[in-house]
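Colleague: Quick one: sequence and predicted model below, then my questions.
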Amino acid sequence: MRAIMVSAQGGPEVLEYVERPDPVPGDGEVVVDVAASGVNFIDIYHRSGAYPLDLPTSIGSEGAGTVSAVGPGAEGVAVGDTVAWASVLGSYAEKAVVPADRLVPVPDSVSAELAAAAMLQGMTAHYLTHSTYEVKEGDRVLVHAGAGGMGQLLIQLAKLKAAKVYTTVSTDEKEKLAREAGADEVLRYDDFAQALRGTIDVVYDGVGKATFDGGLEALRPRGLMALYGAASGPVPPLDPQVLNKQGSLFLTRPTLVHYVAERAELLRRASDLFGWIGAGQVRINVSHRYPLAGARQAHEDLAGRRTTGKLLLVP
């Protein structure tokens, strides 16, 4: 099979398109013929060394496809099943080995490609809006980077909860995409904090350094900041007294793995997500598809903020 390997951490040039032996499933594992794998900022963190990994390694944390082999002790899955996963390394490949208990079934109403596009960002949007801060009708929600794959999903899920959604974008083209996703008000990054000061119930921030201080300013007293990413760079150390002075604010830095640690929770979030997609209540905007050999270009485009919506590698 062909796969993307990383032997040294660094820029996109370290992504190597190589031939590897076909994998064999171990105890409790399954081999999946990959239909598509998602491209996410966490892949850039793994590649660059921001999140160190043992090398050499394959990367990619999300995908979907058809089960081609089942290892001993792997329960609840059979050859021919369409399945999807997130937070499992090795998805940038023609074949992936995935623990059976990390797989979720993909219903007939959702294609394998859409499932691959939905898993990591979709379940992240689910836990952020349903668990980290449970959005309620009438809540004022701020979503940064509303034209991106995560931003569009967060807007849609907050609107399913009947919230009023504000979002930030950088261009008129991206404003159009954010409004199509359902945003009520679209702002530019340079003036959002002043426009919203002290009025927002929850801020969902995957941008990080460039938007963090303004997001705190936008929150109402006892509002919550969910910092789930750092596309613009990591947030510098924070004196907790800032949270006190700006209204007894709450700050959390969540990650998906802690919100799907139990299999029942994983299945519930995936089932909700696929149900909304199948019913047309949530739309996944796959804006760019690259061949597996194009992983370097995908990383360059994502890091350069030249894309909107979801990026996929298609073997």
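Modeller: That came through fine.

Colleague: Surely residue 186 touches residue 179?
Modeller: Yes: using Cβ atoms under 8 Å, residue 186 is in contact with residue 179, at 6.1 Å. C-beta here means a position set from N, CA and C on the backbone, and glycine is covered the same way.

Colleague: what's residue 109 sitting at in phi/psi?
Modeller: phi -80, psi -10 (degrees, to the nearest 10).

Colleague: Counting neighbours, what do you get for the closest residue to it other than its chain neighbours?
Modeller: Closest residue to residue 109 apart from its sequence neighbours, by Cβ to Cβ, 6 or more residues apart in numbering: residue 278 at 3.2 Å. Per other Cβ atoms under 10 Å, the neighbour tally for residue 278 reads 14.

Colleague: ok, residue 278 - contacts?
Modeller: 107, 109, 110 (Cβ atoms under 8 Å, 6 or more residues apart in numbering).

Colleague: Read off the pLDDT value for the second one.
Modeller: Taken from the predicted model, the pLDDT recorded for residue 109 is 95.

Colleague: What segments of the stretch 101-250 of the chain are strands?
Modeller: 104-105, 140-143, 164-169, 185-188, 200-205, 219-227, 250-252 (DSSP state E, counting those that start in this stretch).

Colleague: Note down every partner strand of the first one and its orientation.
Modeller: When you say that, I think you mean strand 104-105. strand 82-86 (antiparallel) (DSSP bridges).

Colleague: Pull up the pairing partners for the following helix or strand past the strand it pairs with, direction included.
Modeller: Where DSSP states H and E defines the elements, the next helix or strand beyond strand 82-86 is strand 95-99. Neighbouring strands of strand 95-99 in its sheet, by DSSP bridges, are strand 29-39 (antiparallel).

Colleague: following the strand it pairs with, which helix or strand shows up next?
Modeller: helix 41-48.

Colleague: how far is that following helix from where the chain is centred?
Modeller: 12 Å (Cα atoms, centre = their mean, to the nearest Å).

Colleague: Which strands and helices lie in contact with that helix?
Modeller: The contact analysis (3 or more Cβ pairs under 8 Å, 6 or more residues apart in numbering; DSSP states H and E) places helix 41-48 against helix 295-303.

Colleague: now the helix or strand following the helix it packs on: mean pLDDT?
Modeller: The C-terminal neighbour of helix 295-303 among helices and strands, as given by DSSP H and E, is strand 310-314. Averaged across strand 310-314, the pLDDT comes to 96.

Colleague: low pLDDT regions in the stretch 101-250 of the chain?
Modeller: For the stretch 101-250 of the chain, not a single residue meets the criterion pLDDT under 70.

Colleague: Going along the chain, name the helices of it.
Modeller: Shown for the stretch 101-250 of the chain, the helices assigned by DSSP state H, counting those that start in this stretch span residues 112-127, 149-160, 172-181, 192-196, 212-218, 241-245.

Colleague: Now find how far off-centre the longest one is within its chain.
Modeller: Computed by Cα atoms, centre = their mean, the chain-centroid distance of helix 112-127 equals 7 Å.
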